[in-house]
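[1] coords below, sequence missing:
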């Protein structure tokens, strides 16, 4: 059997391998880290571990396709994102819930909106839905998530907290969702409106972004949880 082998100058394959190993290492650390944090913080840390684990499986499949075909169909990106990104949004919700009062209905709104955000982005890029309409809908869903992070119940809960470490962690997590996640609508825009054919460059960008958008995100949640003083969780 002739198995494809990654060449030394294959930067795309190398980016998939590096991101894959980073995801696996982060997942292991996060699952171990659930033993280091108090009860109320185990849920957001576990959700981050699930996100990176799903991301690792997605990267593994995409890497095999790249080595075999020297291209990666866009569906391989989205099968991971449609689970991992909503899981991270849910982790943010439970982080805020640990220190303040946020409604259960907000959780379901964020979960549904984050899933639809990824779904419509895929439908537009795949040409299943008119690209302009799908892009605008997915962008609106992303802006809704940002609105909740900056002006909604979660922001109110965090702002009322007296715990500096939690406020600092929330600041960095919100920054990742605002700036780091911007690469996803940007990539969708490029694919949908510029007749761009990804020969590996966009995949490299997505793989590099994964170090911040998934791995650093999860490690920030873990660090915030470990620094949380006793009695902070379930403060609402």
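    Here it is on my side, so go on. Because the structure is predicted, anything quoted here is derived from the model rather than measured. Numbers count the residues shown, from 1 in each chain.
[2] Show me what the helix or strand of the chain with the lowest mean pLDDT is packed against.
    Across the helices and strands of the chain, the lowest-confidence element by mean pLDDT, DSSP states H and E is helix 183-193, at a mean of 89. Applying 3 or more Cβ pairs under 8 Å, 6 or more residues apart in numbering; DSSP states H and E, one finds that helix 183-193 contacts helix 104-125, helix 131-151, helix 201-210. All C-beta spots, glycine's among them, are computed from the backbone N, C-alpha and C.
[3] Same list (these) but as CSV, adding distance to residue 16 and mean pLDDT.
    Below are these laid out as CSV (distance: least, Cβ to Cβ, whole Å; pLDDT from 0 to 100):
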stretch, distance to residue 16, mean pLDDT
helix 104-125, 19, 96
helix 131-151, 25, 96
helix 201-210, 6, 94
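[4] need those in a markdown table with mean neighbour count and distance to residue 34, can you?
    Shown next, in a markdown table, are these (neighbours: other Cβ atoms under 10 Å; distance: least, Cβ to Cβ, whole Å):
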| stretch | mean neighbour count | distance to residue 34 |
| --- | --- | --- |
| helix 104-125 | 18 | 20 |
| helix 131-151 | 17 | 24 |
| helix 201-210 | 20 | 21 |
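[5] For residue 217, find the nearest of those helices.
    Residue 217 lies closest to helix 201-210 among the helices and strands packed on helix 183-193, at 9.8 Å (Cβ to Cβ).
[6] Could you pull up the mean pLDDT of stretch 42-56?
    Here stretch 42-56 scores 98 as its mean pLDDT.
[7] For it, which outside residues touch it?
    Applying Cβ atoms under 8 Å, 6 or more residues apart in numbering, the contact partners of stretch 42-56 are 19-20, 23-24, 26-27, 30-31, 33-34, 37, 80, 83-85, 87-88, 90-92, 94-95, 98, 210, 214-215, 217-218, 221-222, 225.
[8] In the helix or strand that contains residue 29, which residues are buried?
    Assigned by DSSP states H and E, residue 29 falls within helix 11-33. Residues 12-17, 19-20, 22-24, 26-27, 29-31, 33 are the ones in helix 11-33 that count as buried (16 or more other Cβ atoms under 10 Å).
[9] Next secondary structure element downstream of that helix?
    Next along the chain after helix 11-33, taking DSSP H and E as the criterion, comes helix 42-69.
[10] Taking helix 201-210 as reference, get the angle to that next one.
    160 degrees (axes from the mean of the first three to the mean of the last three Cα atoms, to 10 degrees).
[11] what about helix 42-69, distance to the chain center?
    11 Å (Cα atoms, centre = their mean, to the nearest Å).
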